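# Starting from these lines, generate the structure:
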Amino acid sequence: MSENAVLDTALGFTIPSRHVRGRVVRLGTVLDEVLSAHAYPPVIERLLAEALVLAVLLGSALKNDAGQLTLQAQTESGAVSLLVADYMATAAGGALRGYVQFDADKLALQGADPTLFGLFGKGYLAITMDQAASEAQEAHRYQGIVPLEGASLAKAAEHYFFQSEQIPSFVQIDVRHMPGEGCIAGGILVQHLAEGEVGRERLHVRHDHPEWEHVQALAHTINAAELTDRALGLDDIVWRLFHEEPEVRVQAMSVLSRGCRCDEAHIRSVIAQFGMAERAEMADEAGNINVDCAFCSKIFPISLVSLNN
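Residues are numbered from 1 along each chain as shown. The predicted structure is shown next:
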């Protein structure tokens, strides 16, 4: 399998006999493209990489090509005040963007390998799914908010599913950043739809179900080297973990890309809602209102003259 086939892709799978669904993700070039727009320190780069992988693991379950998932971790007093990772479903797979707001002085006090609590303090995790309208269903939005708990974003996601959706889940995310080869991040999500067929409503939930305990034990054998190995196919990971199961159904591979959606026309329409005096206060000495996109760091210089014409 070529390197292009195992980087910036997501693979879904189901194990019908165990009522299990899952996804495996690996990011490479796309991750470098997102990170290159910012001058983040290594700790923040790793955090954003983990969040982007998690956004793909969750967002790639969206049912049509126009759905969107937004993951936010937020606090008022931590070194990191806001973490955003955004996934937009596309015809080929999905488009990613993300950014982090943090206090450099507070971050410096946390050392080289801070805990999730060290970064955020007491915060919350919010996951918002916007499902676009299709022939089969109307557009709808769903949001779940839980306390930001656990040793990592992966464990915080497990807590989210347990608290918000009552779905037993296993999540692991690993990041590798080696000099000369860029950043590679991989992750796996495995979930149990207890006592119900895969893809249908659960009849009830049992967190100690022997089927789930078996699959969870297998999933726990995954290691960081496998998730971040650019030469190991995602389907090879699924086979290694679950090849003894009677049937494993693998879905079509999703291709991932960087996808910031900043738009000058939209920015102009927002600024135009302000009065002329307010716009003048926003402008610099050259008569431009400079608006920067938090996701891609692109700056849009909007001239007052063009707005007033």
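# Any idea what L125 is bridged to?
A73, V146 (DSSP bridges).
# Counting neighbours, what do you get for it?
Residues near L125, counting by other Cβ atoms under 10 Å, number 25. Backbone N, C-alpha and C define where each C-beta goes, glycine included.
# Give the rounded mean pLDDT of stretch 291-299.
Across stretch 291-299, pLDDT averages out at 86.
# what do you get for stretch 174-182?
Mean predicted confidence for stretch 174-182 is 83.
# May I have it as CSV, with CA atoms only?
Taking Å, rounded to 0.1, in the frame of the first residue of the first chain, the C-alpha atoms of stretch 174-182 are listed here in CSV:
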residue,chain,number,x,y,z
ASP,A,174,-1.2,9.1,19.5
VAL,A,175,1.0,11.8,18.0
ARG,A,176,4.6,11.5,16.7
HIS,A,177,6.7,14.5,15.6
MET,A,178,10.1,13.6,14.3
PRO,A,179,12.6,16.1,12.9
GLY,A,180,12.5,16.0,9.1
GLU,A,181,9.3,14.0,8.7
GLY,A,182,6.7,16.4,10.1
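# Quick check: A126 touching G144?
Yes: using Cβ atoms under 8 Å, A126 makes contact with G144 at a distance of 7.2 Å.
# between those two, who's got more neighbours?
Set A126 next to G144 and count neighbours by other Cβ under 10 Å: A126 wins out with 17 against 14.
# need the contact list for that one.
When contacts are counted by Cβ atoms under 8 Å, 6 or more residues apart in numbering, A126 touches L71, Q72, A73, Q74, Q143, G144, I145.
# Just the pLDDT for it.
94.
# any idea how far R141 is from it?
According to Cβ to Cβ, to the nearest Å, A126 stands 12 Å off from R141.
# Please, which helix or strand holds V190?
strand 182-192 (DSSP states H and E).
# Same check on E45?
Applying DSSP H and E, one finds E45 within helix 42-59.
# burial count for L232?
So L232, with other Cβ under 10 Å, has 17 neighbours.
# does it sit in a helix, a strand or a coil?
Here L232 is recorded as coil under DSSP: H, G, I helix; E, B strand; the rest coil.
# residues contacting it?
Here L232 is in contact with V6, E226 (criterion: Cβ under 8 Å, 6+ apart).
# Enumerate every residue touching the residue nearest in space to the middle of the chain.
Centroid check for the chain by Cα atoms, centre = their mean gives A55 as the closest residue, at 1.8 Å. A55 makes contact with L69, T70, L71, A85, D86, Y87, L96, G98, according to Cβ under 8 Å, 6+ apart.
# what do you get if the cut-off is 6 Å, keeping everything else the same?
Applying Cβ atoms under 6 Å, 6 or more residues apart in numbering to A55 gives the contacts L71, A85, Y87.
# What is the nearest of these to H177?
A85 (17.4 Å; Cβ to Cβ).
# what angle separates the helix or strand that contains that closest one from helix 42-59?
Assigned by DSSP H and E, A85 belongs to strand 80-89. If you take axes from the mean of the first three to the mean of the last three Cα atoms, to 10 degrees, strand 80-89 sits at 40 degrees to helix 42-59.
# For strand 80-89, enumerate the helices and strands it packs against.
helix 42-59, strand 68-75, strand 93-102 (3 or more Cβ pairs under 6 Å, 6 or more residues apart in numbering; DSSP states H and E).
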